[in-house]
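*Asks:* what would the 3D arrangement of this be:
(2 chains)
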Amino acid sequence: MKLRRASSVAELEGAGRSLLLAGGTEVVPLLRAGILEADELIDVRSVVPRGIEGATIGAGTTLAEIESSAEVPDALREACRLAASPQLRNAGSLAGNLLQSTRCWYWRLNWPCRLHGGDTCFARDGEHREHAVFANRFCASAHPSDAAAALLSLDATLQTDRRKLPVGELYRVPTEDDRRTTTLEPGELVLSVELPAVERSVYLKAMERKRWAFPLVGVAAARVGGSTRIALAGMAPVPWLLDARSLDGATPLPGNAYKLEIATALVKRALAQLDA
Amino acid sequence: MARLIRTEKEIEGRYEEVWIVVEEDVLEQWPPGPLDVVGRPAPRGDGLERARGKAVYTADLRLNGMLHAAVLRSPHAHARVRRIDLAPALAVPGVHAAIGPADLDLLVDECGYEGAPVAAVCADTLERARAGIAAIDVEFEVLEPLLDSDDAVLRGSLLGEPRLRQRGDVERGLAEADAVLSAEFRTSVVLHNSLETHQAIVQWVGDSVDVHISTQFIWGVRDAVARGLDLPPDKVRVVCNYMGGGFGSKNGPDDYTFIAAELAKRTGRPVKCALTRREEHLAAGNRNATIQRLTVGAKEDGTLTALRGEYVNAVGWGGWSSPTEGPMHLLYSCPNVSSTTFPAKLNQPPMKAFRAPGFVEGTFGLESLLDELAAKLGIDPLELRRRNHSRLDPGDDRPFSDKNLLECYRRAEPHWERRHEVRARSTDVVKRGVGMASQIWYGGGGPPSYAWVRVGSDGRATVVTAMQDIGTGTKTAMAQIAAEELGIPLDHVTVSAGDSARGPYASISAGSSTTPSMGPAVRAAAADARRQIEEIAEQRGDPDMPLGEVVALLEDGQVLGKGARGPNPTGMQVLTFGVQVAEVAVDVETGEIWVERVAAVHDVGRVINPLGASSQIEGGIIQGIGHTLSEERLHDPSSGAILTTSFDSYRLPTIADVPEIVSELVDVPDPNLTNLGSKGLGEPPIVPTAAAIANAIRDATGAEVRRLPITREEMLRALREAEERQRESERREAPARI
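*Replies:* Numbering: from 1, shown residues only, chains lettered A, B, ... in the order given. Model prediction:
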């Protein structure tokens, strides 16, 4: 396998079976596990903007840089601070974090599940204690990104090399016809994230240990332009925006209803913190 | 004079009779308390080497011409190899040899667990060996797995006869009780997760074989490899200079050593076979799950009248049935005790000894039940334990060689007293509480073990013994003992260990036995050297002549001392004791648990190195916190496939999960045990941690957590159940309104 360092977006065209790589904290383990395959890796760190300028965050900014920036709204900063370990946050980029795959153990072990194109969700009838409680009929995988939930609550906009889109539109719930969880086109590159004026925001996270774990439940809440938005991590196959602050509509499986109890408490606390 | 004697030897609760040669051990124990070197904190002699990455572990070794092996392991919990063709593997560039079920007994075509070894390949590089494995043409017939341990017991799928143990008459004891309480406890599979994965490099040298291996028992590996390869034991040399953790999972040679040996024989090259981190989650052993159905009966004053237990050890496809019932039979002076322990054979990876096997699990059940009893009777939990303290081994009335459990309880009092203040800091949402649990376990060590001490004309000494230091600081402790006995500074002593060709037989480093087994031999060897030096001084007409001046006369001459570990005291039970007090906080809305403080008081006889001892206590408690709160190997309920094979899904505690740990040691030499009076401390600290935390959670919330690990889900379930119980009792107590 070759590693190429790209210096412009133009160089990425026709990359074919190449894989784009920034921090590598997600791509490298997936390559090792045989879930991703590539003839060539292209390091895009010289192509993707890095750094925070006002309300614009370069997609190549590391989680560690975001975590320590006073300019960033609380929900995003806290989501980055509570993600992974210091070493991983020093390496991992914001866009990489948004585009990471589920931690579903069946998917990570490369079982022929629906997300891998198969015809079974093994988690639904199997071990699903950490899986999705929303939109889980077809695939019960849970989206693990803390930062994605934060950006969704903040109503952020993404700029790619081809278009501008609300962060919510980056994601799609996988279906029979299309198993992808994002709407990115092949070779499309996320360049930056733009935030609206945020009055107040918060991110709360429940994990099975104190640090360095993916969210069982992540709750991001933000007051943006007079309205309150709540988004969840670890609760659906994609970052999940709550309608009307309500957890109604959840379809928990026998082994993960407890996640709703946690979410109920964290949503209540997040709203209280916005009001405080 | 040398004598051949028959003595009882105990390792992790399993006894065997052994013949040993002992010399008269005329050494008096040292007086209690810190001495010049022994009993004083000593940083590890090899700490800097390890921290700087200069220590060469088995994993670091690269022998000339060395090939790398990879293993094809069953991807199914239960399967039969229908067809296997190794030829495509041999066609992969760089592959030197491939072996399958027809070539080596331990490579199987009937696979009882995911991870069972089927075939192996060696190649110039690990990548090529893996490519060879991928090329093997193999077809499995998947069979129905047996995964439920109760089901296994019903169907008679057992790895041996159920173990029945009893004293007195439990039915009578229950009839005499004022209060009877029954509960079911469950513990889950947890993994050792040694930092250095299981591995060996085997090299044939003529008709002898060199085995470099990450092991807890150099001599056990030597004997097992000799048996397996049909060689005289002295044709097998075993080397382990530095070791990256074992926790009971590296007591023998295992499949990787024999695979490396066979491939090395076929290729004439040294072969390394190392488990990957993912293989560690499958094929490196585990602490098996248990089900414990327990009943206790007691008088109103708390006096125990009966204890009964039905234990199911979910052993897996192989392994042994650990003494989960042990604490029930040993801890309290209850006259009527009976237990049945079933060793369930399942299509799951085999268990291995794991830091106080059985007692960690059994103490969680028993000590949780005792706290539930204390609550029911309205007796202070610490007082309840004092009332049932046993002066003699409650099983056979043998005296203990020494027992300072009551002293541990006394020293725990200030920590226990904090519970009022801790509880008072509770809020509506975050409840705080304190819990305790007692510890009982073995740890007396035993013979045989030998050491030599060499003193040169420079006044420096070398301890020579073919023991291993598994990362616990054994070499430092042995150097302290030799320095103390010789009356020289600690930095004048070097310890040469880790090689069966360089020194005499030494103990296994398991069962908390290294210090109590090796220490007395090292002291005896140093004393033998000292005696010779004193004799020379006397002959020179100056009995008070300092050691340095005597040995300065030697030039190239050396004083050689030898020492042996004597037997354990006849007719006495040698055990370790202790108590831990845990403080926790529980968020009753989200089920989050914080362990805020653990105070540990243990009685392990004389402490050689207080710094090493506190490290052991901290390590045991941290590993115990993982077992209690976050670690669990999960499998798919229908296929039995292991789902947690990496560290993001199998959750070890991080430093953020570690509470304040206060460790205290009674530090009184056991007057009946060897010339040192020291017992081991490797295992005791992990024994009571789970129960102490579970009891603190009950104290904080009223919730009965009877299943490990206490995940968010389990905590919330127990809280809901407690609320329902509370509502139910309020309904019953409320006067009926008409």
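
*Asks:* so which bits of the stretch 101-250 of chain B are right by chain A?
*Replies:* By the rule CB under 8 Å from any CB of the partner chain, no part of the stretch 101-250 of chain B lies against chain A. Yep, even glycine has a C-beta here, placed from its N, CA and C like the rest.

*Asks:* now do the contacts for the residue nearest the centre of chain A.
*Replies:* Chain A has residue A:145 as the residue nearest its centroid, 3.1 Å off, counting by CA atoms, centre = their mean. Residue A:145 makes contact with A:97-98, A:100, A:233, A:239, according to CB atoms under 8 Å, 6 or more residues apart in numbering or on different chains.

*Asks:* cool, and residue B:307?
*Replies:* Contacts of residue B:307 by CB under 8 Å, 6+ apart are B:170, B:173, B:294-297, B:328, B:332, B:334, B:336-338, B:366.

*Asks:* how about the nearest residue to the closest residue to chain B within the stretch 1-150 of chain A, chain neighbours excluded?
*Replies:* Residue of the stretch 1-150 of chain A nearest chain B, by CB to the nearest CB: residue A:105 (4.0 Å). Closest residue to residue A:105 apart from its sequence neighbours, by CB to CB, 6 or more residues apart in numbering or on different chains: residue B:643 at 4.0 Å.

*Asks:* and that neighbour, how many neighbours?
*Replies:* Using other CB atoms under 10 Å in any protein chain shown, residue B:643 is surrounded by 23 other residues.

*Asks:* next one: it from residue A:258, what distance?
*Replies:* Distance, residue B:643 to residue A:258, by CB to CB, to the nearest Å: 18 Å.

*Asks:* tell me which stretches of chain A form helices.
*Replies:* With DSSP state H, the ranges of helices along chain A come out as A:27-32, A:63-67, A:74-81, A:86-91, A:94-98, A:105-108, A:122-125, A:146-153, A:258-275.

*Asks:* since we're on residue 128, how many residues are nearby?
*Replies:* In the absence of a named chain, chain A is used. 24.

*Asks:* nope, chain B
*Replies:* There are 20 residues near residue B:128, going by other CB under 10 Å.

*Asks:* one step back: show me what contacts the residue nearest to residue A:105?
*Replies:* A:105-106, A:109, A:127, B:634-636, B:649.

*Asks:* try residue B:503
*Replies:* B:451-452, B:464-467, B:496-497.

*Asks:* for residue B:623, same thing?
*Replies:* Counted by CB under 8 Å, 6+ apart, residue B:623 has contacts B:247, B:355, B:653, B:686.

*Asks:* make it 10 Å
*Replies:* When contacts are counted by CB atoms under 10 Å, 6 or more residues apart in numbering or on different chains, residue B:623 touches B:190, B:192-193, B:247, B:354-355, B:360, B:631, B:652-653, B:685-686, B:689.

*Asks:* can you lay out the residues you listed as TSV showing secondary structure?
*Replies:* Output for those, formatted as TSV (DSSP: H, G, I helix; E, B strand; the rest coil):
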residue	secondary structure
B:190	strand
B:192	coil
B:193	coil
B:247	coil
B:354	coil
B:355	coil
B:360	helix
B:631	coil
B:652	coil
B:653	coil
B:685	helix
B:686	helix
B:689	helix
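
*Asks:* of the residues you listed, closest to chain A?
*Replies:* Nearest to chain A among those, with distances taken as CB to the nearest CB, is residue B:653, at 6.2 Å.

*Asks:* winner for burial among the helices of chain A?
*Replies:* Comparing the helices of chain A by mean neighbour count (mean count of other CB atoms under 10 Å in any protein chain shown), helix A:146-153 ranks first with a mean of 31.

*Asks:* picking that back up, okay if I get the contacts of residue A:145 as a markdown table plus distance to chain B and pLDDT?
*Replies:* Listed next are these as a markdown table, based on distance: CB to the nearest CB, whole Å; pLDDT from 0 to 100:
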| residue | distance to chain B | pLDDT |
| --- | --- | --- |
| A:97 | 14 | 98 |
| A:98 | 18 | 98 |
| A:100 | 11 | 97 |
| A:233 | 15 | 98 |
| A:239 | 19 | 98 |
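
*Asks:* could you chop the chain up by domain?
*Replies:* Looking at chain A here, since you left the chain open. In terms of domains, chain A is parsed into A:1-47, A:48-275 (source: automatic domain parsing).

*Asks:* um, chain B though
*Replies:* If you go by automatic domain parsing, chain B breaks into B:3-57+B:445-564, B:61-144+B:192-283, B:164-180+B:300-397, B:402-444+B:568-738.
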